[in-house]
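A.B. asks: Please work out how this folds:
(2 chains)
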There are 2 protein chains.
Amino acid sequence: MTQFTDPRTLSKADLESGSIFAPKFDANGLVTALTVEAGSNEVLMVAHMNAEAIAETLRSGHATYWSRSRGKLWKKGETSGELQELVELRTDCDQDALVVVVRQTGHGAACHTGRKSCFYRRVEMIDGDIRLSDTGDAPLFDPEEVYGR
Amino acid sequence: MTQFTDPRTLSKADLESGSIFAPKFDANGLVTALTVEAGSNEVLMVAHMNAEAIAETLRSGHATYWSRSRGKLWKKGETSGELQELVELRTDCDQDALVVVVRQTGHGAACHTGRKSCFYRRVEMIDGDIRLSDTGDAPLFDPEEVYGR
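C.D. replies: Below is the predicted model of the structure:
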């Protein structure tokens, strides 16, 4: 089991400015992880990491998350081939969120729909009505072929 | 009260490909919101939005979050002057996260520490030991002056 410093044992100054990594996990032992593409900074996806996923990501050099739906470690791309090579991991001021900077391999699609990014729809208010509009990002692979569904 | 479509009433296809906005709120009525700078795509901060915050952001054109610590709507920058002008709001495939694309006004600092971004520290594994290292992003304002603490 990977163990990190309990953030409650640190002063606010140490938590926000120090060099001790003390991730503030939620009740389920998870922190939010935002994955962005190295170079372009484009947000690819949002997922979650537990202590083991963080350690495994740093150890292996491949983004590894905690799958809440499957209840297990999830090496991104292990099924689809869309592995994510770690370029840099960052934490925020209060250490309850991470930014995972990656090189997206495979077809270059982080989203299970086959698109590069999960954020392919805009939320717009038109005449007081809130709707989604597609940005037109085309799928880079066919999910049915890759996942067989 | 702002009400959106309950995502459980939509098919997976409609949730992931449709034009109906049906945010999947957590048990506290919140979705994760990642704020990025228009143009550079730099991740500035991570916060949360409830239904009201989403509607108010779209209505006002200024990023408005739900402050979990204060338990109320939080128009970003109302104290510090670091308002965020909305450029675009995006949702992800399963509609449980938002990307808020903004123009950061004021000193250009989204973080309460006075820095542009909250993600000013790298998480690094060196000889098996996980530590933080500062990226060197300097504060753009003095938090003690702005927040009086």
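A.B. asks: buried sites along stretch A:131-142?
C.D. replies: In terms of neighbour count (16 or more other C-beta atoms under 10 Å in any protein chain shown), stretch A:131-142 has its buried residues at A:Leu132, A:Asp137, A:Leu140, A:Phe141. (Glycine included, C-beta is placed from N, CA and C.)
A.B. asks: does the second one belong to a helix or a strand, and which?
C.D. replies: Going back to what we said before, that points to A:Asp137. For A:Asp137, there is no enclosing helix or strand under DSSP states H and E.
A.B. asks: Return the residues in contact with A:Ala33.
C.D. replies: A:Val46, A:Ala47, A:His48, A:Met49, A:Tyr65, A:Ala97, A:Leu98, A:Val99, A:Val100 (C-beta atoms under 8 Å, 6 or more residues apart in numbering or on different chains).
A.B. asks: and the fourth one, what are its bridge partners?
C.D. replies: Applying DSSP bridges to A:Met49 gives these bridge partners: A:Val31.
A.B. asks: Would you mind giving me the confidence score for it?
C.D. replies: Model confidence at A:Met49, given as pLDDT, is 98.
A.B. asks: As a check, name the ranges of all helices in chain A.
C.D. replies: In chain A, the helices defined using DSSP state H lie at A:12-17, A:51-60, A:143-147.
A.B. asks: Format the ones you listed as a markdown table; extra columns: distance to chain B and mean neighbour count.
C.D. replies: Below are the helices of chain A laid out as a markdown table (distance: least, C-beta to the nearest C-beta, whole Å; neighbours: other C-beta atoms under 10 Å in any protein chain shown):
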| stretch | distance to chain B | mean neighbour count |
| --- | --- | --- |
| helix A:12-17 | 6 | 14 |
| helix A:51-60 | 4 | 19 |
| helix A:143-147 | 10 | 13 |
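A.B. asks: I'd like the ones you listed as CSV, with distance to A:Ile126 appended.
C.D. replies: Formatted as CSV, those follow (distance: least, C-beta to C-beta, whole Å):
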stretch, distance to A:Ile126
helix A:12-17, 40
helix A:51-60, 40
helix A:143-147, 30
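A.B. asks: before we move on, the earlier item: inside strands: which ones of the contacts of A:Ala33?
C.D. replies: A:Val46, A:Ala47, A:His48, A:Met49, A:Tyr65, A:Ala97, A:Leu98, A:Val99, A:Val100 (DSSP state E).
A.B. asks: So which of those wins on neighbours?
C.D. replies: A:Met49 (27 neighbours; other C-beta atoms under 10 Å in any protein chain shown).
A.B. asks: give me every residue that touches it.
C.D. replies: A:Leu30, A:Val31, A:Ala33, A:Thr57, A:Thr64, A:Tyr65, A:Trp66, A:Leu98.
A.B. asks: hang on, the earlier thing: quick check, nearest of the contacts of A:Ala33 to A:Ser19?
C.D. replies: A:Leu98 (16.1 Å; C-beta to C-beta).
A.B. asks: quick one: the closest one and A:Arg90 touch, right?
C.D. replies: Yes. Counting by C-beta atoms under 8 Å, A:Arg90 is a contact partner of A:Leu98 at 6.7 Å.
A.B. asks: Quick check: neighbours shared by those two?
C.D. replies: Joint contacts of A:Leu98 and A:Arg90 (C-beta under 8 Å, 6+ apart) are B:Val123.
A.B. asks: With adjacent residues omitted, what lies nearest to A:His62?
C.D. replies: Take A:His62 and drop its neighbours on the chain: the residue closest to it by C-beta to C-beta, 6 or more residues apart in numbering or on different chains is A:Leu83, 5.6 Å away.
A.B. asks: What is the neighbour count of the one you found?
C.D. replies: The burial count for A:Leu83: 18, using other C-beta under 10 Å.
A.B. asks: I'd like to know how far it sits from chain B.
C.D. replies: Remark: distance between A:Leu83 and chain B (C-beta to the nearest C-beta, to the nearest Å) = 19 Å.
A.B. asks: Likewise for A:Glu42?
C.D. replies: 6 Å.
A.B. asks: tell me the contacts of that residue?
C.D. replies: Contacts of A:Glu42 (C-beta under 8 Å, 6+ apart): A:Val36, A:Lys116, A:Ser117, B:Asn41.
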